[in-house]
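1. Based on what follows, work out the 3D shape:
(one chain, ligands or ions: 2)
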Amino acid sequence: MLVIGLMSGTSVDGIDAALVEISEQDEQKLNVKVVNFINTPYSKKMREKILECSDPVTGSVDKICRLNFELGELFAQAAKEAVELKNLNMQDVNLIGSHGQTIYHYVSDDFISTLQIGEASVIAERTQVTTVSNFRARDIAAGGQGAPLVPYVDYILFKSDDYNRVMQNIGGIGNFTYIPKKSKLEDIKGTDTGPGNMLIDGVVQILTNGEQSYDKDGKISEKGKISETLLADLMAHPFIKKEPPKTTGREVFGLKYAKEIINKGKSMKLDDEDIVATVTAFTAKSIVYAYLRFIGINIDQVIISGGGSYNPTLVSMIIYYAKKMIGEKVTVVVMEELGFSSDAKEAVAFAVLAYQTYKGRKNNVPQITGAKRFVTLGEVAPVDKNKNVDKTPF
Ligand SMILES: Nc1ncnc2c1ncn2[C@@H]1O[C@H](COP(=O)(O)OP(=O)(O)OP(=O)(O)O)[C@@H](O)[C@H]1O
Ligand SMILES: CC(=O)N[C@H]1[C@@H]2OC[C@@H](O2)[C@@H](O)[C@@H]1O[C@H](C)C(=O)O
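-> Ligands and ions are numbered 1, 2, ... in the order given. A predicted model of the protein is given here:
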């Protein structure tokens, strides 16, 4: 069955669309072949609009209301391009899974809510393909934090008989899935680890007055020297100390925190490169620290995906901390080394989650999100056509 996964992450850099062919042996043994993957960057104006709507000070109901429909159009466009560039027809596609754009993720001790926008009805109408969206809400309704959701897919795609694996995604936020060898779904662990690229992007953006939006190929951090004093201060952040289930986002590691770090760095007379290097080290160390605390040292392999895998300074710092804190035996590789695109993983994941929803299966991982039970995630914008839907439960 042909499924499209659509993802736009917390980095707000653009829309990822993956066209995948899914077949199955059983519920937990899926064969997933990536037919096409495209990334459509947001225009500068669209990125600004999304960031404006994500900030309680600058966002407003009218702007968010409009943006929900505008993003629906952009997601539909991305889905169409992923199909047309392969000379296929939208009619050949059975299903779309759309994560949407996270605008706000609110987690406090007494209330949890989250908002992903990009109207699924618009996607279904423009593409004439049944579209599953709003995956996180059901997990929250069942007592969870609605994230991370990719661990379910990591388990299905990357479980191994031979290795205790950590699947580490480094998008705007970092998050891992730990899959012990020969494990059951109930045995896996996972959590958000803290900042992924978000803080690096934030400090680079501020220090270059908006000329650069990220530390391309880690060139800035490569030149800097890590301040151990500032690093220790950053590692004392309350999110890093917290026990899982825990999730985070731009609300905690956004531009406001990046500005605070720069001010601290400047007061310590650090150069710009040193500040970027220290924030990169914070990202790497908080990731490995989460393994040590929440998994222990029984790890053979760490497989890195997401945009952070393209930052060699960040990856080499993760290797350094992993060897030091977990042990010399651990190998750290980037996803591409397994023949799988680092960029495509999350979009593929939402295609797989939508597929399982379409089959009426439960697809959250309660011990990771904190939900009280297994549930079927998502809401469906159905398309009334018989030509390509085999026994749809909707
Ligand atoms: N060549 C590169 N050098 C350094 N960093 C890079 C490079 N390419 C991508 N990145 C980083 O990756 C980020 C985008 O990552 P990705 O697309 O995985 O995030 P996302 O999907 O928005 O996040 P999330 O997983 O949090 O939802 C960019 O903002 C940038 O910081
Ligand atoms: C609320 C939200 O959008 N959370 C994202 C974010 O980006 C990474 C991390 O924080 C993860 O928890 C989640 O996304 C991935 C796709 C997930 O649910 O697994």
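2. Stretch 1-13 and ligand 2 in contact?
-> Yes. Stretch 1-13 is in contact with ligand 2 by C-beta under 6 Å from any ligand atom, via 9, 10. The C-beta positions use only the backbone N, C-alpha and C, and glycine is treated the same way.
3. Relative to the whole chain's centre, how far out is that stretch?
-> Here stretch 1-13 is found 10 Å from its chain centre; the criterion is C-alpha atoms, centre = their mean, to the nearest Å.
4. Repeat that for stretch 31-50.
-> 13 Å.
5. Span of it from start to end?
-> From its first residue to its last, stretch 31-50 covers 35 Å (C-alpha to C-alpha, to the nearest Å).
6. ok, now how distant is residue 217 from residue 309?
-> 12 Å (C-beta to C-beta, to the nearest Å).
7. what about the two, which has more around it?
-> residue 309 (23 against 12; other C-beta atoms under 10 Å).
8. where's residue 20, which helix or strand?
-> Assigning secondary structure by DSSP states H and E places residue 20 in strand 14-26.
9. So, low pLDDT: which residues of this protein?
-> Within the chain, the segments meeting pLDDT under 70 span 385-394.
10. quick one, domains of it?
-> 2-134, 153-342 (the TED database).
11. how about JSON lines for those domains, with distance to ligand 1 added?
-> Shown next, in JSON lines, are these (distance: least, C-beta to the nearest ligand atom, whole Å):
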{"stretch": "domain 2-134", "distance to ligand 1": "2"}
{"stretch": "domain 153-342", "distance to ligand 1": "2"}
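12. circling back: what helices or strands is the strand holding residue 20 leaning on?
-> Strand 14-26 is packed against strand 2-8, strand 29-41, helix 61-84, helix 345-358, with contacts defined by 3 or more C-beta pairs under 8 Å, 6 or more residues apart in numbering; DSSP states H and E.
13. could you dump the ones you listed to TSV with mean neighbour count?
-> Formatted as TSV, the helices and strands packed on strand 14-26 follow (neighbours: other C-beta atoms under 10 Å):
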stretch	mean neighbour count
strand 2-8	28
strand 29-41	15
helix 61-84	19
helix 345-358	26
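14. Quick check: closest non-adjacent residue to residue 290.
-> residue 193 (4.1 Å; C-beta to C-beta, 6 or more residues apart in numbering).
15. pretty sure the one you found contacts residue 175?
-> Yes. When contacts are counted by C-beta atoms under 8 Å, residue 193 is listed as touching residue 175 (6.1 Å).
16. Show me the common contact partners of these two, please.
-> residue 168 (C-beta atoms under 8 Å, 6 or more residues apart in numbering).
17. Where do the strands of the stretch 51-200 of the chain begin and end?
-> Applying DSSP state E, counting those that start in this stretch to the stretch 51-200 of the chain gives strands spanning 95-107, 112-117, 131-133, 165-170, 173-179, 189-195.
18. right, and the domains of the chain - which one's nearest residue 355?
-> When the domains of the chain are compared by C-beta to C-beta, domain 2-134 sits nearest residue 355, at 5.2 Å.
19. so how far does that closest one reach from one end to the other?
-> End-to-end for domain 2-134, by C-alpha to C-alpha: 20 Å.
20. Looking at strand pairing, list the partners for residue 20.
-> Listed by DSSP bridges, the beta-bridge partners for residue 20 are residue 3, residue 34.
21. neighbours around it, how many?
-> 25.
22. these two touch, right, it and residue 1?
-> No. Using C-beta under 8 Å, residue 20 is not in contact with residue 1; the gap is 9.2 Å.
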